[in-house]
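# Sequence first, predicted model second:
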Amino acid sequence: MTSAPDRNARAEPHGRRHAARDALSLVSARRREWSPPARPGPVTLEEPLFPGGDSNQSFLVHNGCARLVLRLDGIDPARNLIDRAAEFHLQAAAAGAGLAPRPRFCDADAGVFLVDYLPPDASPGAASAADLAGLLRAIHQLDADAPRLCLGTRVAHYAALTRSFSDSAVCRVLAHLSAPLARACHALDADTGATVICHNDLTPANRLYHNGRLYALDWEYAASGSRWFDIAVAAGGPAPSPRLLENYLQRAASAEERAQMARAGLVARYLELLWLACNTAIAPWDLLSGLDDLAARSDPVATAGHAS
């Protein structure tokens, strides 16, 4: 059966502590490279931040009275097509617009990223559709240079990785999904009028209320891409609720907009499943069940409202 690749040694408790100490030494030694430079006084480690993520490990650190988050790579950025320099640049642009915590330092080779800490509001609850739509609209209005996310290329990349360690049952479903996913990706990638700066991973784990305002965290997949895909990821699930879309548009969605959202929901769920297969210990039967569910609904979604 399918078995995901081994996780980085940093995932083990001893490895996390050792890596955090090494990273703290690095950021302390290069404090003049921070943007803006570090405050006088030591940089000290306080505690791990929980819950952790599937991608990275984060620790709360102090520099004088300032509190920051020291983030360590938990996955291979190259394997996941992550560009840390682009992440820093786009998060800095978002922070300037009041949409994200300010990044302070990045060493991609060392797998270290330092960002201002925003204390979360106590018991904020889930983000409202209006707040989430407003955050998405603001992100999509950012003006910054960004790499282009081609969904067709991203899907092909993760499908090839997954096939390399999967059994025949998973490979058969991947083959069945190949054509409808390619059509869905083409429709989204070709919609250049919907190409904007996107976060591309605005799941609940990457959203935070601070002082009553919703912020976007962890910009490692940010790029210029499809607004429909960005909304679908934020909405969650293979069939995104129309409520977030209508709050985003601030009007009723057209038939073509609904069709694009259906395609985006299909692509978002597919990439989520393949990302989990490539980076976590997802149970093989859960992967196969999720792929089978997508296969059952993929053809009508991929072709709905399609114009060549």
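Sure, I can see it.
# Strands of this protein, residue ranges please.
43-48, 56-63, 66-73, 103-107, 112-116, 195-198, 207-210, 213-216, 223-226 (DSSP state E).
# Comparing those strands, which yields the minimum mean pLDDT?
Among those, strand 43-48 carries the lowest mean pLDDT, a mean of 88.
# Which positions in that one come out as buried?
Val43, Pro48 (16 or more other CB atoms under 10 Å). For glycine as for every other residue, the C-beta is placed from the backbone atoms N, C-alpha and C.
# so what does that strand touch, helix or strand wise?
When contacts are defined as 3 or more CB pairs under 8 Å, 6 or more residues apart in numbering; DSSP states H and E, strand 43-48 packs onto helix 13-29, strand 56-63.
# could you redo the last one with a cut-off of 10 Å?
Applying 3 or more CB pairs under 10 Å, 6 or more residues apart in numbering; DSSP states H and E, we find strand 43-48 packed against helix 13-29, strand 56-63, strand 66-73.
# And the ones you listed: which comes nearest Pro242?
Closest to Pro242 of the helices and strands packed on strand 43-48, according to CB to CB: strand 56-63, at 32.6 Å.
# strands paired with the closest one, and their directions?
strand 43-48 (antiparallel), strand 66-73 (antiparallel) (DSSP bridges).
# what inclination does the shortest one have with respect to strand 112-116?
Inter-element angle recorded for strand 43-48 and strand 112-116: 90 degrees (by axes from the mean of the first three to the mean of the last three CA atoms, to 10 degrees).
# chain center to strand 43-48, what's the gap?
25 Å (CA atoms, centre = their mean, to the nearest Å).
# Dump that strand to PDB, restricted to CA.
C-alpha atoms of strand 43-48 as PDB (Å, rounded to 0.1, in the frame of the first residue of the first chain):
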ATOM      1  CA  VAL A  43      17.400  36.800  21.600                       C
ATOM      2  CA  THR A  44      15.900  34.100  23.800                       C
ATOM      3  CA  LEU A  45      13.800  31.000  23.200                       C
ATOM      4  CA  GLU A  46      10.500  30.900  25.100                       C
ATOM      5  CA  GLU A  47       8.400  27.900  24.000                       C
ATOM      6  CA  PRO A  48       7.100  25.900  21.100                       C
END
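# Have a look at the protein and report its longest helix.
Using DSSP state H, we find that the single longest helix of the chain is helix 255-279.
# can you pull the buried residues of it?
Per 16+ other CB under 10 Å, helix 255-279 contains these buried residues: 257-279.
# Distance-wise, check Ala156 relative to Ala182.
Using CB to CB, to the nearest Å, we find Ala156 at a distance of 8 Å from Ala182.
# Kindly apply the preceding question to Asp189 instead.
10 Å.
# Have a look at those two and say which one is more surrounded.
Shown here are Asp189 and Ala182; by other CB atoms under 10 Å, Asp189 has more neighbours (21 against 15).
# tell me the contacts of the more buried one?
Arg148, Leu149, Cys150, Leu151, Gly152, Thr153, Arg154, Thr195, Gly225, Ser226, Phe229, Val267 (CB atoms under 10 Å, 6 or more residues apart in numbering).
# Find the residue closest to the third one in space, skipping its chain neighbours.
Read it as Cys150. Asp189 (5.6 Å; CB to CB, 6 or more residues apart in numbering).
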